[in-house]
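Enquirer: Fold the following and give me the result.
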Amino acid sequence: MLMALNLGSGQAFSQHVFEARGADTKYRYFDWNYTFHNSVIIDLFYVGVTGSNEFNLGGGYAFKPVPSLLIAPLLYAVLGKEGGQRGVKIALLLMWEEHGWKANSFLAHYAPVSGDVASYQVLDTADFTRVLKKRWEAGVSAGFFHADRTWNPQVGPLLRVNDRFGAWMVSYRFGPQREFRAGRVLILKK
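Expert: Residues are numbered from 1 along each chain as shown. Next up is the predicted model:
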């Protein structure tokens with residue numbers, strides 16, 4: 001999840017963020033979130049892989065302990081299409097930006113309430129980039145999925161191009177499963 005909150009600004013604003021990602025592994029991700037001027041976040045996202053389609057409905061609050069760091073604890077109700085999946089997801093979004101370096105990560109734990117899907121942990125994604133020539137960023141993208149004592153870590157290069165509407169990104173991640181991923185973020189500020 002990439003929420004493009006303006007870390008450098010002390011101004012209060014509201015914004016819609018739309019994100020879509022896809023991969024050659026049949027991974028698909030669609031997100032809409034809205035951040036209110038008071039830093040309350042509403043977030044609705046869908047994530048799908050072969051055999052799993054999950055809808056996450058929730059939100060949280062963004063804290064900025066220092067101008068370069070954003071911390072957002074989030075809570076979601078999770079509804080899955082397969083196996084009667086119902087549960088709760090507790091997540092933490094971290095974003096840092098300083099002197100042309102950027103990092104963001106979304107770490108979550110899913111706890112089942114009912115259905116056949118067991119608890120799991122996911123890091124999707126942890127990105128670390130360096131700004132090059134204002135619009136371009138290059139770096140590393142990493143993540144993992146952990147369930148039933150099985151890990152699926154991935155790491156690889158990331159390229160991002162920023163424009164006035166948001167950003168385009170591509171990455172190729174290596175691990176037990178290789179994955180070419182592409183995505184687009186659109187930001188609408190009020």
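
Enquirer: mind listing the helices for this protein?
Expert: Across the chain, reading from the start of the chain, there are no helices by DSSP state H.

Enquirer: low-confidence ranges in it?
Expert: 1-13 (pLDDT under 70).

Enquirer: ranges for the strands of it?
Expert: 15-23, 28-35, 40-49, 52-61, 63-66, 69-80, 86-98, 101-114, 120-132, 136-147, 150-151, 154-163, 166-173, 179-189 (DSSP state E).

Enquirer: Name the strands paired with the longest one and say parallel or antiparallel.
Expert: In this case it means strand 101-114. Strand pairing for strand 101-114, determined by DSSP bridges: strand 86-98 (antiparallel), strand 120-132 (antiparallel).

Enquirer: Just tell me which of those ends up closest to residue 38.
Expert: Of all these, it is strand 86-98 that lies closest to residue 38, at 16.9 Å by Cβ to Cβ. All C-beta atoms are positioned from the backbone trio N, CA, C, and that covers glycine.

Enquirer: Extract the C-alpha set from the closest one and format it as CSV.
Expert: Presented in CSV, the C-alpha positions along strand 86-98 are these (Å, rounded to 0.1, in the frame of the first residue of the first chain):
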residue,chain,number,x,y,z
ARG,A,86,-14.0,-13.4,7.8
GLY,A,87,-11.5,-11.7,10.1
VAL,A,88,-9.6,-8.7,11.3
LYS,A,89,-6.4,-7.2,10.0
ILE,A,90,-4.2,-5.1,12.2
ALA,A,91,-1.6,-3.1,10.1
LEU,A,92,1.1,-0.5,10.4
LEU,A,93,2.0,1.9,7.6
LEU,A,94,5.3,3.7,7.9
MET,A,95,6.6,6.4,5.5
TRP,A,96,9.9,8.3,5.7
GLU,A,97,11.3,10.9,3.4
GLU,A,98,14.5,13.0,3.8
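
Enquirer: Identify the residues contacting that strand?
Expert: Strand 86-98 has contacts (Cβ atoms under 8 Å, 6 or more residues apart in numbering) with 1, 3, 5, 7-8, 56, 58, 60, 62, 68-80, 102-115, 117.
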